[in-house]
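J.: turn this into a model:
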Amino acid sequence: KEEEKEKEKEKEVENEESSSDEGESITDMFKHMMLQQSKQQEEEKCDPGPLDEATIEDIVKRIKSGKIKKIVVMAGAGISVNAGIPDFRTPGTGLYDNLQEYGLPDPQAIFDIEFFKENPRPFTKLAKELYPGLFKPTLTHYFISLLEMKGLLLRHYTQNIDNLERLAHIPAEKLVEAHGSFATAHCIECKKEYNQRWVKEEVFEERVPRCFEEWEGEGGEMVECRGLVKPDIVFFGESLPRVISY
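T.: Okay, here's the model as predicted:
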């Protein structure tokens, strides 16, 4: 009888231990489920839905969460307005509203290639006011540069010709200047390239930059090109840069 009692006690102990293990197991499972649910809720907070429906705050959350890994930026004149560079079409302050002093047949004529060939002085005078080096990048430019530093910038497309992206150290291989820039210039006749420094000096001396490339003429005399040298910005009547086609 004593042996039977001992066996019954052992069984009771085993049952208690088994019940305790099961209780701990259920508790652990419950904790794990709650943890997973909490993680899922956090992920849902960082995943506000399709990007075309997202607010700026939603996009910030996505970037911080690491869900957005590559960013393409498309920028226009608005990002340079705070640098003191006017945009083109804003009534009252836009560039096209303030060109009366140039005596143009139409505000857009100042960026028309055919008008430039006939009368380059209005553009040369305007270029003196817009030339790179007179303005500094804005916080927006440096934000785009920060995206590059963080390894997030895939490409930056800009319509601006002010070179502020370059000054903000956005690398050339990530930069697509859809309307060209003042960084380089070419003769519109012989296509000789000129650097920004020389063209800027000519513009600030209020001289129309002209090509000084020479070649030997039919009679053996040296002939100077004297073609107009224009910064490599896209005028009306010109094709977009080749990089846009790729």
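J.: domain parsing for this structure?
T.: 2-53, 69-245 (automatic domain parsing).
J.: where in this protein is the helix or strand with the lowest mean pLDDT?
T.: The helix or strand of the chain with the poorest confidence is helix 2-46; it has a mean of 59 (mean pLDDT, DSSP states H and E).
J.: okay, buried residues for the next helix or strand after that helix please.
T.: The C-terminal neighbour of helix 2-46 among helices and strands, as given by DSSP states H and E, is helix 56-65. Neighbour-count burial for helix 56-65 flags 58, 61-63 (criterion: 16 or more other C-beta atoms under 10 Å). C-beta coordinates here come from the backbone N, C-alpha and C atoms, glycine included.
J.: what strand or helix carries the nearest residue to residue 131 once chain neighbours are set aside?
T.: Residue nearest to residue 131 in three dimensions, not counting chain neighbours: residue 200, with 5.6 Å by C-beta to C-beta, 6 or more residues apart in numbering. Here residue 200, judged by DSSP H and E, is contained in helix 196-204.
J.: cool, and residue 117?
T.: helix 113-118.
J.: so what touches that helix?
T.: With C-beta atoms under 8 Å, 6 or more residues apart in numbering as the test, helix 113-118 has contacts from 104-105, 109, 123, 188, 228, 230, 235-238.
J.: so, low pLDDT: which residues of this protein?
T.: 1-34, 37-52, 92-94, 98, 245-246 (pLDDT under 70).
J.: quick check, central residue of it?
T.: Geometric centre of the chain, nearest residue: residue 156, 3.2 Å, by C-alpha atoms, centre = their mean.
J.: would you confirm that it contacts residue 71?
T.: No - contact status for residue 156 versus residue 71: not in contact, 9.1 Å apart, counting by C-beta atoms under 8 Å.
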